Structure formats: C-alpha cells, structure tokens
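A.B. asks: Model the structure of this input:
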Amino acid sequence: MAQTTRPKTAGSLFATDGKPHPLQDTLMVVTLVLGALALVTAGFHHLHLISSWAGLVGILTGAYGQFISETTRERTLLIVGLGASALGFYLGVAHGGLFGGVIS
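C.D. replies: Now for the predicted structure:
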C-alpha cells in the first residue's frame, strides 16, 4: 500500500499549510506592532492620542485579519495583537481620548 508521508503538524502552534499568505502575514505583523505601540504608550498620560489611535487602528486591522486568516499561527498572533491594541485603546481613551479633549 503506497501512502504519502506528511509531516505531523497537528499539535504545533506554528503549523502552516505550506502556502504563502502575504496579506494575512502583513496584517498580523501590523496588528502586533500597533498593539505593542498602543500598550507601551498607554503607560504615559500625555501620549493618549498615540495610544488611542494606534489601538483603534490595531483593533480594525486585527479584526479584518481574523476574518481572512487561514492558519492557527495567524489567528493566535492576531489575538495577541488584538488584546494589546484593545487594552492600549481603552487606556488611551481613559487618559484623554482620540481627540485630546478638544470636543467637550
């Protein structure tokens, strides 16, 4: 009986389907970078504009990335980036918001 041997990647977090996904990978990296930026700048009250805008854009790119993701690796890292973006966004809004208190 001739059988094709395939690598066992069923339990691996970084398992891929062997095909390139440039759009999904780009969205994943952008979401991670924006999430890190939002989270780091959320620690400083005077950087609330950067934190809230980076968090909002990170949430939007991460949500679209989740919608079109194809592998477990992409979904896992998108969730990490989404969580960081959301936390940075919420803290940025709590410190002053998207428009810096211009709108009363």
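
A.B. asks: Residue 37 is in contact with residue 53, isn't it?
C.D. replies: No. Applying CB atoms under 8 Å as the test, residue 37 and residue 53 come out as separate, 9.7 Å apart. C-beta: built from backbone N, CA, C; applies to glycine.

A.B. asks: contacting residues for the nearest residue to residue 97 once chain neighbours are set aside?
C.D. replies: With CB to CB, 6 or more residues apart in numbering as the criterion, residue 97 has its nearest non-adjacent residue at 6.2 Å, and that residue is residue 52. Neighbouring residues of residue 52 by CB atoms under 8 Å, 6 or more residues apart in numbering: 38, 88-89, 92-93, 96-98.

A.B. asks: do the same with residue 83
C.D. replies: Residue 83 sits in contact with residue 35, where contact means CB under 8 Å, 6+ apart.

A.B. asks: Could you shift the numbering so residue one becomes 16, and keep it that way?
C.D. replies: Understood, numbering begins at 16; the last thing we discussed is residue 98.

A.B. asks: Which pLDDT value goes with it?
C.D. replies: pLDDT recorded at residue 98 is 97.

A.B. asks: quick one: contacts of stretch 80-93?
C.D. replies: Contacts of stretch 80-93 (CB under 8 Å, 6+ apart): 28-32, 36, 38-40, 42-43, 46-47, 77, 94, 97.

A.B. asks: Could you identify the buried members of these?
C.D. replies: Taking 16 or more other CB atoms under 10 Å as the criterion, what is buried in the contacts of stretch 80-93 is 36, 39-40, 42-43, 46-47, 77, 97.

A.B. asks: tell me how far the one helix or strand residue 75 maps to is from the chain's mean position?
C.D. replies: Counting by DSSP states H and E, the secondary-structure element that holds residue 75 is helix 63-83. In terms of CA atoms, centre = their mean, to the nearest Å, the centre of helix 63-83 is set 7 Å apart from its chain centre.
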